[in-house]
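*Asks:* no FASTA, just this:
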């Protein structure tokens, strides 16, 4: 049977789509339709059911790094499926996995040379956290289990990863591991007091981590997990030196530093891994996903330092009994190898280093708009935060809608935006050109202006 969708209109698809429970879906609106059905994609563009051409502003979900419709990826995946579609990671290995593991280990900072593959980002975070607890048990440190995360951080949808996340709006009606997970505040310079310098703010946030470790007891704290840039928390860029200083605090108290690079790895900031190259620190563990295959096939990875592994290797009767049916899936490995090769052969890291500053510069021109409080970001990831009063930096009335309003107008104009309440996120594919950046920013400006007019008419601004 050949699947045909071209003969179905949007209303029919909306009805069929009721079978799906979407991620982060407001259940009060379930059944009302309104989602955009994407049927084709190429380059930085998506095409909806009606043939409308849309710039993929969020780059999928921060993950379509090399762009849509790349033949080399399609060919690699197709060839792998035809040659050998699956082999159990529990009892066999594959050349395609061994090759990719070695390739990314070569890019990894410091001695992070041991790679564990997962089925996605959430599973990578969960595996990293389980590994830390496993390691401490083997070391005889059975009380050293507490984890410190940050407010506005995001670490996936598993029970433990979600517990480490600090986005309050994601915590409604769920249970969390609050007995072992603790949080410190987000290092968000936009929200600092104007009387405090950036250096003072940075030092205060670093001290907050150290104070939390001392409060909980260094003998009880196992890990600190942090995104180099807090992505879905609103693209929060910590002040310069924050990561290096927090990593030094972790070393001081034997706390394992987990760098969540699920968004920032594989080119988003112009490097395969951003921790060392961009933020000047070397973590103990890196978790990656999303851009690892450019979103073509689900995959995740945990990179672990040899220093940590030295405490485990050749231990008698010690089994790391953590894994997934799809760990190092050969099709995912084929996509990952092809994606990395594409990035290397097309010099995409250098391209991001060239166009990233232009992307940030052009987006910051939007700060002249009355509701735009701040444009922030690095490389090819950015956020436009809307406020009711620029001086007070207060949230906009009905701020949970303004991002969606902007996105609706932008889609009519040819751009998909990722709305996060009062913030609009942009993370386009790494192949984007300067002229395409101009198109993106121009449409986003119009969308913000139109949304501002809407809320003015409704007396909300």
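*Replies:* Nice, I can see it. Worth saying up front: this structure is predicted, and the values here are computed from it rather than measured.
*Asks:* domain ranges for this structure?
*Replies:* Per automatic domain parsing, the structural domains of the chain span 10-66+347-457, 72-345.
*Asks:* in JSON lines, list the ones you listed along with mean pLDDT.
*Replies:* Compiled in JSON lines, the domains of the chain are given as follows (pLDDT from 0 to 100):
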{"stretch": "domain 10-66+347-457", "mean pLDDT": "93"}
{"stretch": "domain 72-345", "mean pLDDT": "97"}
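*Asks:* any chance of those domains in JSON lines, plus mean neighbour count?
*Replies:* Every C-beta, even on glycine, is put in place using the N, C-alpha and C of the backbone. As requested, these are exported to JSON lines (neighbours: other C-beta atoms under 10 Å):
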{"stretch": "domain 10-66+347-457", "mean neighbour count": "18"}
{"stretch": "domain 72-345", "mean neighbour count": "19"}
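*Asks:* next one: phi and psi at residue 443?
*Replies:* Reported as degrees, to the nearest 10, the phi and psi values for residue 443 are phi -70, psi -40.
*Asks:* how near is it to residue 407?
*Replies:* Using C-beta to C-beta, to the nearest Å, one gets 11 Å for the distance from residue 443 to residue 407.
*Asks:* equivalent analysis for residue 374, please.
*Replies:* Here residue 374 is placed at a distance of 19 Å from residue 407 (C-beta to C-beta).
*Asks:* can you check residue 449 too?
*Replies:* Remark: distance between residue 449 and residue 407 (C-beta to C-beta) = 14 Å.
*Asks:* can you check residue 300 too?
*Replies:* Look at residue 300 and residue 407: by C-beta to C-beta, they are 28 Å apart.
*Asks:* any idea of the pLDDT on residue 9?
*Replies:* Residue 9 is assigned a predicted lDDT (pLDDT) of 77.
*Asks:* dump the residue contacts of the closest residue to it other than its chain neighbours.
*Replies:* Distances taken as C-beta to C-beta, 6 or more residues apart in numbering put residue 49 closest to residue 9, at 7.9 Å, once the chain neighbours are dropped. For residue 49, the contact set (C-beta atoms under 8 Å, 6 or more residues apart in numbering) comprises 5, 9-10, 13, 36-39.
*Asks:* also residue 85?
*Replies:* Listed by C-beta under 8 Å, 6+ apart, the contact set of residue 85 reads 330-331.
*Asks:* can you rerun that using 10 Å?
*Replies:* Contacts here follow C-beta atoms under 10 Å, 6 or more residues apart in numbering; on that basis residue 85 touches 329-331.
*Asks:* before we move on, what about residue 33?
*Replies:* Residues in contact with residue 33, defined by C-beta under 10 Å, 6+ apart, are 10-11, 13-15, 17-18.
*Asks:* turn the residues you listed into CSV, including secondary structure.
*Replies:* Conversion of those to CSV gives the following (DSSP: H, G, I helix; E, B strand; the rest coil):
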residue, secondary structure
10, helix
11, helix
13, helix
14, helix
15, helix
17, helix
18, coil
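*Asks:* rebuild those as JSON lines, extending it with distance to residue 403.
*Replies:* Formatted as JSON lines, the entries for the contacts of residue 33 read as follows, by distance: C-beta to C-beta, whole Å:
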{"residue": "10", "distance to residue 403": "23"}
{"residue": "11", "distance to residue 403": "26"}
{"residue": "13", "distance to residue 403": "25"}
{"residue": "14", "distance to residue 403": "22"}
{"residue": "15", "distance to residue 403": "27"}
{"residue": "17", "distance to residue 403": "22"}
{"residue": "18", "distance to residue 403": "25"}
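*Asks:* return the member of the residues you listed nearest to residue 24.
*Replies:* The shortest separation between residue 24 and any of the contacts of residue 33 is 15.3 Å, and it belongs to residue 17 (by C-beta to C-beta).
*Asks:* wait, what's in contact with the closest one?
*Replies:* With contacts defined as C-beta under 10 Å, 6+ apart, residue 17 is in contact with 10, 31, 33, 35, 37.
*Asks:* farthest-separated two in those residues?
*Replies:* 31 and 37 (15.9 Å).
*Asks:* wait, a strand at residue 148?
*Replies:* Yes - if the criterion is three-state DSSP, then residue 148 is within a strand.
*Asks:* beta partners for it?
*Replies:* For residue 148, the beta-bridge partners are residue 182, residue 224 (DSSP bridges).
*Asks:* for it, which residues are in contact?
*Replies:* Shown here is residue 148, whose contacts under the criterion C-beta under 10 Å, 6+ apart are 164, 181-184, 208-209, 212-213, 216, 221-226, 246, 250, 255.
*Asks:* can you tell me the helix or strand for the spatially most central residue of the chain?
*Replies:* The centroid of the chain falls nearest to residue 263 when counting by C-alpha atoms, centre = their mean (3.1 Å). Applying DSSP states H and E as the criterion places residue 263 outside every helix and strand.
*Asks:* contact partners for it?
*Replies:* If a contact means C-beta under 10 Å, 6+ apart, then residue 263 has 61-63, 121, 154, 227-232, 235, 269, 274, 288-291, 381, 427 as its contacts.
*Asks:* among the residues you listed, which lie within helices?
*Replies:* Counting by DSSP state H, the members of those that fall within helices are 61-62, 121, 274.
*Asks:* may I have the distance across stretch 217-224, first residue to last?
*Replies:* Using C-alpha to C-alpha, to the nearest Å, the end-to-end distance of stretch 217-224 comes to 14 Å.
*Asks:* off-centre distance for that stretch?
*Replies:* Taking the mean C-alpha point of stretch 217-224 and that of its whole chain, the gap between them comes to 25 Å (C-alpha atoms, centre = their mean, to the nearest Å).
*Asks:* which one of the contacts of residue 49 is nearest to residue 339?
*Replies:* Of all the contacts of residue 49, residue 38 has the smallest distance to residue 339: 20.4 Å, by C-beta to C-beta.
*Asks:* quick one: residues contacting the closest one.
*Replies:* Residue 38 is in contact with 46-49, 52, 54, 56, 60, 68, 416, counting by C-beta under 10 Å, 6+ apart.
*Asks:* can you check residue 315 too?
*Replies:* For residue 315, the contacting residues are residue 138, by C-beta under 10 Å, 6+ apart.
*Asks:* now do the same for it: helix, strand or coil?
*Replies:* Local secondary structure at residue 315 is given as coil here, using three-state DSSP.
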